[in-house]
Structures are given as structure tokens and as C-alpha cells.
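Colleague: model the structure of this input:
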Amino acid sequence: MQINQHPTQEAVEVIPTEEQLSAIAINLAKTYNETKLHLIVNLINFESDLQINDFFNFLKLSNHYKSNKKSFVLVAPQIDVHQIPEELAIVPTLNEAFDIIEMENIERDLGF
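Modeller: Numbers count the residues shown, from 1 in each chain. The predicted model follows:
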């Protein structure tokens, strides 16, 4: 697993190696349970077939981050975002992940 710090965005980007998405979700829940920084899981290079159901494994972790006023964003251009629950922020590029973090920060500042 590759880790990239993005201090200007107050975010950590995790680029997992080939694993089952359920295993990635479990490992991230253990490793990144503290929510001091926003978390981006970058699946852009994930070559196995990504199934919609696999993303449901990230719901608990996403909700944990959101309840602690931090963002959790998945980067997965291979997925049709219209088939994913709204609770999960899934975007096709890393730049859009940063945009989501910025928008969610604004929403939190405004009390949403």
C-alpha cells in the first residue's frame, strides 16, 4: 500500500495494491480509524474487476469520517457513480477528490 501525504489539503491518499476491496476496507478501518486528516482511497490503478457491491464495504468507514467532520473520498473512474449510495463520495480523478474535500469543508463551515 502506497501512502501520499497532501498537507495543503490536510489529506492522506492511500493507493492500495491488488487485494479484495473488502480486505482493503477492513485494513483501512484498522489503520486509519483516527480521523485527524481527510482520507482519499485511490483505486485508479486497481486492475481487477470492481463490482458495485464491493464499495458497500466502505460505507461504515465513510460514515465514521463524516461523523468526525472529515471527508472520505474514493477515486475510481471505473465505476458508474449513479449506482453507488450517496453516502459514498466517489470521483474519477484525484483533483476531483480534492474538490470534494473543499466542498465538504465549506458545507461543514456553513453548518450543513
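
Colleague: contacts and neighbour counts: CA atoms only from here.
Modeller: Noted.

Colleague: gap between the worst-scoring helix or strand of the chain on mean pLDDT and the chain center?
Modeller: Among the helices and strands of the chain, helix 21-31 carries the lowest confidence by mean pLDDT, DSSP states H and E, at a mean of 79. The chain centroid and the centroid of helix 21-31 are separated by 12 Å, computed with C-alpha atoms, centre = their mean, to the nearest Å.

Colleague: check the protein for its longest helix and report it.
Modeller: As assigned by DSSP state H, the longest helix anywhere in the chain is helix 94-109.

Colleague: which neighbouring elements make contact with that one?
Modeller: Counting contacts by 3 or more C-alpha pairs under 8 Å, 6 or more residues apart in numbering; DSSP states H and E, helix 94-109 is packed against strand 38-42, strand 72-75, strand 89-91.

Colleague: just name the most buried of these.
Modeller: Using mean count of other C-alpha atoms under 10 Å, the stretch among those with the greatest mean number of neighbours is strand 72-75 (a mean of 25).

Colleague: what pairs with that strand, parallel or antiparallel?
Modeller: Listed by DSSP bridges, the sheet partners of strand 72-75 and their directions read strand 38-42 (parallel), strand 89-91 (parallel).

Colleague: tell me what angle the longest helix of the chain forms with strand 38-42.
Modeller: For helix 94-109 against strand 38-42, the angle by axes from the mean of the first three to the mean of the last three C-alpha atoms, to 10 degrees is 150 degrees.
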